[in-house]
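**Q** sequence isn't available, so here's the structure alone:
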């Protein structure tokens, strides 16, 4: 099984990546795990030319976005994590997802037909870290909005979302709480089954 981790955080030692690594700990070594750090990529933003439709790669000059397209298409399961940026995913992760729309779903050139999900039934997990404490973190302008943004991507692709993790009050913590670590590891185990 090929499991793809898409990290939307600029901090590779921050809470978002830390929780994602806890998920990875639940995955058996027999499976292939690949990480993509959106902030490491040389990727141009989508220009809305629609030439990727219905089912093609982006026509912009080759950059890291093209490589990610193939990795999303071939992954058997996916984990997307992002810190909460004003109730949304990070800008760099948004650029990555926008550029890879047709890696998630097939869209008719006219745009008038219903999109066709390309990953029906594949498992997915959502992760976010939010500085706001619970219950404020559950507001749409906080982690709830970030998870909704990731959920939109997963639903468009037809994924089976098996769980989500929110690390609330990240600014006041000095480590990932044990209950979050355990929850993440269990999700990693579930992801591979």
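**A** Cool, the structure landed. None of the values given here were measured: they were computed from a predicted structure.

**Q** ok, which stretches of the protein are strands?
**A** Ranges of strands within the chain are 2-7, 32-37, 77-83, 105-106, 116-117, 123-129, 160-167, based on DSSP state E.

**Q** quick one: distance of the fifth one to the chain centre.
**A** Using Cα atoms, centre = their mean, to the nearest Å, the distance from the centre of strand 116-117 to the centre of the chain it belongs to is 18 Å.

**Q** what strands flank it, and is each parallel or antiparallel?
**A** Applying DSSP bridges, strand 116-117 is found paired with strand 105-106 (antiparallel).

**Q** which residues does residue 27 contact?
**A** 3, 33, 188-189, 191-192 (Cβ atoms under 8 Å, 6 or more residues apart in numbering). Just so you know, the C-beta spots here come from the backbone N, C-alpha and C atoms, and that holds for glycine as well.

**Q** if we use 7 Å, what do you get?
**A** Residues counted as contacts of residue 27 (Cβ atoms under 7 Å, 6 or more residues apart in numbering) are 3, 33, 188, 191-192.

**Q** on that earlier part again, can you list the strands of the chain in CSV and add mean neighbour count?
**A** Below are the strands of the chain laid out as CSV (neighbours: other Cβ atoms under 10 Å):
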stretch, mean neighbour count
strand 2-7, 22
strand 32-37, 16
strand 77-83, 27
strand 105-106, 17
strand 116-117, 16
strand 123-129, 28
strand 160-167, 18
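
**Q** and residue 181, what does it touch?
**A** Going by Cβ under 7 Å, 6+ apart, residue 181 touches residue 22.

**Q** distance check, it against residue 150.
**A** Look at residue 181 and residue 150: by Cβ to Cβ, to the nearest Å, they are 20 Å apart.

**Q** then residue 74?
**A** For residue 74, the distance to residue 150 - Cβ to Cβ - is 20 Å.

**Q** and these two? Which one has more around it.
**A** Applying other Cβ atoms under 10 Å to residue 74 and residue 150 shows that residue 150 carries more neighbours, namely 26 against 11.
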